[in-house]
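# dropping a prediction and its sequence here:
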Amino acid sequence: MTNARTESTTLSNGVQMPWLGLGVWKVKDDGEAERTVAAAIEAGYRSIDTAAAYNNEEGVGAGIRNSGIARDDIFVTTKIWNANQGYESSLAAFEESRRKLGVDVVDLLLIHWPVKGKYTDTWRALEKLYKDGYVRAIGVSNFQIHHLQDIIQAGEFVPMVNQVEYHPLLTQQELHAFTKSSRIQLMAWSPLMQGNLDHSLLAEIGAKYGKSPAQVVLRWDLQNEVVTIPKSTNPLRLKENADIFDFALTPEEVAQISALNRNQRFGPDPDNFNF
C-alpha cells in the first residue's frame, strides 16, 4: 500500500526523503508543536520541516521522541537563519538547533534565505557538517537560479534540495527545470497558497475524485515531482492532507492546474527580502 509512510524520493546522494512532510511554520512552541508533530506522525507523516526561526525546534523534538516511532524513521529538516549566516556562526547555530531538537544527526539542513555576501560561506559550513556526518543531506531554501549557480561554482557539493514557495499560482517553471537538470530536489513551502484555494478548477477536479481542493493541489505537487510540506495543526486536516496517495490526476489536469500560474507570491521575493 502506498501512503505517506512509504512514498519517498531519492536525493542525489542516495538519501531517501518522503514526498509528503509536515511544515511547522507559525506553530507555537507552547505545547502546540509537540502535539501537532505527534498527531502528524500518528496520521502517517514521516517528515517534519522546522527551522531555527520558527522557534519551535524543542517542541518538534519532543513530539518526535514521544511519538513511539523510532528516530531513524522520521526525516527531520531544519534551517540556518539569516542572522546566523557565515561559516563559524552557522556551525554554532547548527549545534543550537541540534540541542533543541534533541537529535544526534539532522536529516536535512538548509540555508533559510540567500543572504547576500554570506550564503557561500554558510554553504561551506553545511558542507563541513555533511562531511563530518552530522547531517545526512544539505540544501538551500528560497534560492533562485543565480544563487544556486553561485553555490555550485563555489562549493564542493551541489545542493540536494531547494525549498521554495511553489503552488499553482507560482509554478517557477524555469527554476524547476534548472533544479531537475542539476539533480536538486525541489520542495514546496506554502503549497496550499496560505489557504487561497477558492478556484473553480480545483473544486471541479476535486469533485471528480472525491477530494478537496487542498488534496488536489498536494497531488499536483507530487506528480510534478515536488516534495510538499503543508502546515496544519488540526488533526483532521492533517489526515486529509496525507490522504493523497489513492488517486492520480491525468496529464491534462496537471497541465490545467499549472496553467493557473500568475507568478504570484504570498511570501517575500528571494531577490528582495528584509530580514
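Good, I have the coordinates.

# what sits up against the helix or strand hosting Q256?
Q256 is part of helix 251-258 when elements are defined by DSSP states H and E. Helix 251-258 is contacted by residues P168, T171, Q173, L201, L202, I205, V216, V217, W220, Q223, N224, L249 when judged by C-beta atoms under 8 Å, 6 or more residues apart in numbering. All C-beta atoms are positioned from the backbone trio N, CA, C, and that covers glycine.

# CA atoms only: put that helix into PDB for me.
The C-alpha coordinates for helix 251-258 follow below in PDB (Å, rounded to 0.1, in the frame of the first residue of the first chain):
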ATOM      1  CA  PRO A 251      -1.700  14.700 -17.500                       C
ATOM      2  CA  GLU A 252      -4.300  17.100 -18.800                       C
ATOM      3  CA  GLU A 253      -5.400  18.000 -15.300                       C
ATOM      4  CA  VAL A 254      -1.800  18.600 -14.200                       C
ATOM      5  CA  ALA A 255      -1.400  20.900 -17.100                       C
ATOM      6  CA  GLN A 256      -4.700  22.800 -16.400                       C
ATOM      7  CA  ILE A 257      -3.600  23.400 -12.800                       C
ATOM      8  CA  SER A 258      -0.200  24.500 -13.900                       C
END
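
# could you pull out the buried residues of it?
Buried residues in helix 251-258, counted by 16 or more other C-beta atoms under 10 Å: E253, V254, Q256, I257.

# what residues of the longest helix anywhere in the chain count as buried?
As assigned by DSSP state H, the longest helix anywhere in the chain is helix 87-101. Buried positions in helix 87-101, judged by neighbour count with 16+ other C-beta under 10 Å: Y87, S89, S90, L91, A93, F94, S97, R98, K100, L101.

# what's the distance between the residue nearest to the fifth one when sequence neighbours are not counted and T78?
For A93, the nearest residue in space outside its immediate sequence neighbours is N84; the separation is 3.7 Å by C-beta to C-beta, 6 or more residues apart in numbering. Taking C-beta to C-beta, to the nearest Å as the criterion, N84 is separated from T78 by 12 Å.

# please apply the same query to T50.
T50 is 5 Å from T78, by C-beta to C-beta.

# any shared contact partners between those two?
Listed as contacting both T50 and T78 by C-beta under 8 Å, 6+ apart are E57, L101.

# quick one: average confidence on the host helix or strand of A39?
Assessed by DSSP H and E, A39 sits inside helix 32-42. The average pLDDT for helix 32-42 rounds to 96.

# quick one: buried residues of that helix?
By neighbour count on 16+ other C-beta under 10 Å, the buried set for helix 32-42 is E32, A33, E34, R35, T36, V37, A38, A39, A40, I41.

# what does stretch 206-215 give?
If you call a residue buried by 16+ other C-beta under 10 Å, then stretch 206-215 has these buried ones: G206, Y209, K211, S212, P213, A214, Q215.

# kindly report the same for stretch 172-192.
For stretch 172-192, a neighbour-count test (16+ other C-beta under 10 Å) marks 172, 175-176, 178-179, 184-192 as buried.

# list just the nearest of these to F157.
Closest to F157 out of the buried residues of stretch 172-192 is I184 (10.8 Å), distances taken as C-beta to C-beta.

# for R65, see how far away the closest one is.
Taking C-beta to C-beta, one finds I184 at 31 Å from R65.

# ok, now H147?
Distance, H147 to R65, by C-beta to C-beta: 35 Å.

# kindly report the same for P270.
34 Å.

# note down every partner strand of whichever strand or helix holds L186 and its orientation.
Using DSSP H and E, L186 maps to strand 185-189. When pairs are called by DSSP bridges, strand 185-189 turns out to pair with strand 161-165 (parallel), strand 227-228 (parallel).

# which outside residues touch the following helix or strand past the last one?
So the one you mean is strand 227-228. Scanning forward in sequence from strand 227-228 by DSSP H and E, the next helix or strand is helix 235-242. Helix 235-242 is touched from outside by 3-4, 20, 22, 36, 39-40, 43-45, 212, 214-215, 218, 230, 232, with contacts defined as C-beta under 8 Å, 6+ apart.

# for those residues, which one is nearest N274?
Of the contacts of helix 235-242, the one sitting nearest to N274 (C-beta to C-beta) turns out to be P230, at 26.6 Å.

# what number of residues lie near the residue lying closest to that closest one once chain neighbours are set aside?
Residue nearest to P230 in three dimensions, not counting chain neighbours: N241, with 4.8 Å by C-beta to C-beta, 6+ apart. The local packing of N241 (other C-beta atoms under 10 Å) involves 27 other residues.
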